[in-house]
Structures are given as C-alpha cells and as structure tokens.
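Engineer: Can you look at this prediction? I've put the sequence above it.
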Amino acid sequence: YLLSDEIHGDLVFKEPEYTSAAFLPKELSKRLVVCVSPSKSFNLAALHAATVIVPYPLLRASVSRGLNNDELAEPNLLAVTASIAAYTKGDQWMAALKNYIWNNRNFVSEYLAENIPDLKLISKNATYLLWIDSRKNI
C-alpha cells in the first residue's frame, strides 16, 4: 500500500514539477491512498479541511469506514466552501506565497554560504520547510 501525503504539493518551485501519485498507472491504484489539503498552501489549517482520495472502490470503502468510525470524516461548516474558494480563486495568493518562500529560501542559502559554509540547504524545490545538511559537523 502507498499512502501519499501530498499536503505540500502546491508548494513546488521550478523543476522537477509536482506530480500526484494519483497519476500512477491504474494497476497500482488498487493500493493507493492520496491525502491533500489546502491547509498549508492557503493557511486554512484551523478549518481541518482535508481530502482523502482512494481510487479503488474496495480500498475506498475500508478507508471510509475507518475515517467514519473515528468520526474524522465530517468537515466543519466552512471547510468545504473555503477549500473550493482556495483552489478556484487563490491563484494570486499562491503566486505571492511561492515568491515569498522562494526569496526566503534564497536568503537562507546565501546566508549559510557566506556565514556557515559547513551547512548546506539540501533542496530548494518545495515547501516552506528547510532541510539543512549538517554532515560536515559530525
């Protein structure tokens, strides 16, 4: 089984582009669960708006049973409307956010190169999280 947490998928910069696991060959989808949410990209975490995509009907039934059994499948009053608005009307927000994050990443990368050269930014391709290689300090 593959659970693909794609919550940061909207926050990918340049190459390689983000490709959802939902585009895997159909024969692999029998064991696939994809999780997405506008919470990271559109700052909507308080709404608890998430979507679980399960292409294969038998697995979907099992996942749905688990989510409903634990009462995790009921979005709050604004979650659905806010999610739709974010994904259909949030282009300007997304462009500005990605530009802001990109500039911050460049700042950190340059700062490390000039002031702490033993530390290196591992990837500048995705999300607002920074992964720093500190192996030279071990």
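Structural biologist: In hand now; what should we look at?
Engineer: Name the residues of the helix or strand where A85 lies that are buried.
Structural biologist: Taking DSSP states H and E as the definition, A85 sits inside helix 79-89. Under the neighbour-count criterion of 16 or more other CB atoms under 10 Å, helix 79-89 has 79, 82-83, 86 buried. C-beta coordinates here come from the backbone N, C-alpha and C atoms, glycine included.
Engineer: what pairs with the nearest residue to V52 once chain neighbours are set aside across the strands?
Structural biologist: With CB to CB, 6 or more residues apart in numbering as the criterion, V52 has its nearest non-adjacent residue at 5.6 Å, and that residue is C35. Here C35 sits in beta bridges with D5, V52, going by DSSP bridges.
Engineer: Helices of this structure, start to end?
Structural biologist: Counting by DSSP state H, residue ranges of the helices within the chain are 57-69, 79-89, 91-115.
Engineer: thought V80 was touching A49?
Structural biologist: Yes - V80 is within contact range of A49, at 7.2 Å (criterion: CB atoms under 8 Å).
Engineer: quick one on the thing from earlier: packing partners for the helix holding A85?
Structural biologist: Counting contacts by 3 or more CB pairs under 8 Å, 6 or more residues apart in numbering; DSSP states H and E, helix 79-89 packs against no other helix or strand.
Engineer: where does that helix sit relative to the chain's centre, distance-wise?
Structural biologist: 16 Å (CA atoms, centre = their mean, to the nearest Å).
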